[in-house]
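Enquirer: Quick check, what structure comes out for this input:
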Amino acid sequence: MMTRPHTGDLFPDIALETPEGGTVKPSDFAGKKLVVFFYPKDNTLGCTTENLDFSALKGEFDAAGVALLGVSKDAPKKHQNFIAKHELKAPLATDAEENGLSDALGIWTEKQNYGRTYMGMVRTTYLIGPDGRIAQVWDKVKVKDHAAKVLEAAKAL
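Expert: Numbering: from 1, shown residues only. Below is the predicted model of the structure:
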């Protein structure tokens, strides 16, 4: 198993696909604070709540000079539908099926549910400083009040 990056490490600069068909990389936000929140699946209860919470606070993140990016392995078309259905404000991106950003971070991993084993995303959020280094990591995130906690940490950075 690979070593997961820690606070102070450079955040991997791996391209993600945008719902519009372009690409976005963490280095596109160089010189700016960036919050990248990884979540398992569009249109599931916890993931929808998390995206709505970040969307509700997007104006405050913007005012604090902090960019947001939500990431899952859902297809770009599915992201488009998810954004439209819930009027999401936080931008989303699609991680590659293999050797993507979540793989490099060690958060695309084997999970178990009801006796079934499968590959899945560990709900994780990264706060990245303007220098591209990881300032804070929230691992195995519990959704309730998470976006507000991330906002406070981002403002303090």
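
Enquirer: does the residue lying closest to Gly106 once chain neighbours are set aside count as helix, strand or coil?
Expert: Nearest residue to Gly106 in three dimensions, chain neighbours excluded: Arg4, at 4.0 Å (Cβ to Cβ, 6 or more residues apart in numbering). Where you see a C-beta, it was placed from the backbone N, CA and C, and this is true even at glycine. With DSSP: H, G, I helix; E, B strand; the rest coil as the basis, Arg4 sits in coil.

Enquirer: where along this protein do the helices fall?
Expert: Using DSSP state H, the helices found in the chain span residues 45-56, 58-63, 76-86, 101-105, 146-156.

Enquirer: winner for burial among those helices?
Expert: Greatest average neighbour count among those goes to helix 101-105 (a mean of 21), per mean count of other Cβ atoms under 10 Å.

Enquirer: follow-up on the earlier one: check the residue nearest to Gly106 and give its pLDDT.
Expert: Arg4 carries a pLDDT value of 81.

Enquirer: ok, it - contacts?
Expert: By Cβ atoms under 8 Å, 6 or more residues apart in numbering, the residues touching Arg4 are Leu105, Gly106, Ile107.

Enquirer: Report the backbone C-alpha coordinates of the worst-scoring helix or strand of the chain on mean pLDDT in CSV.
Expert: Every helix and strand in the chain was compared by mean pLDDT, DSSP states H and E; the lowest is strand 108-113, with a mean of 90. What follows is strand 108-113, C-alpha atoms only, in CSV (Å, rounded to 0.1, in the frame of the first residue of the first chain):
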residue,chain,number,x,y,z
TRP,A,108,-9.6,5.2,-3.7
THR,A,109,-9.5,2.0,-1.8
GLU,A,110,-11.1,-1.3,-1.0
LYS,A,111,-14.3,-0.9,1.0
GLN,A,112,-16.8,-3.3,2.5
ASN,A,113,-20.6,-2.9,3.0
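
Enquirer: With mean pLDDT added, can I get the helices of the chain in TSV?
Expert: Output for these, formatted as TSV (pLDDT from 0 to 100):
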stretch	mean pLDDT
helix 45-56	97
helix 58-63	98
helix 76-86	97
helix 101-105	95
helix 146-156	97
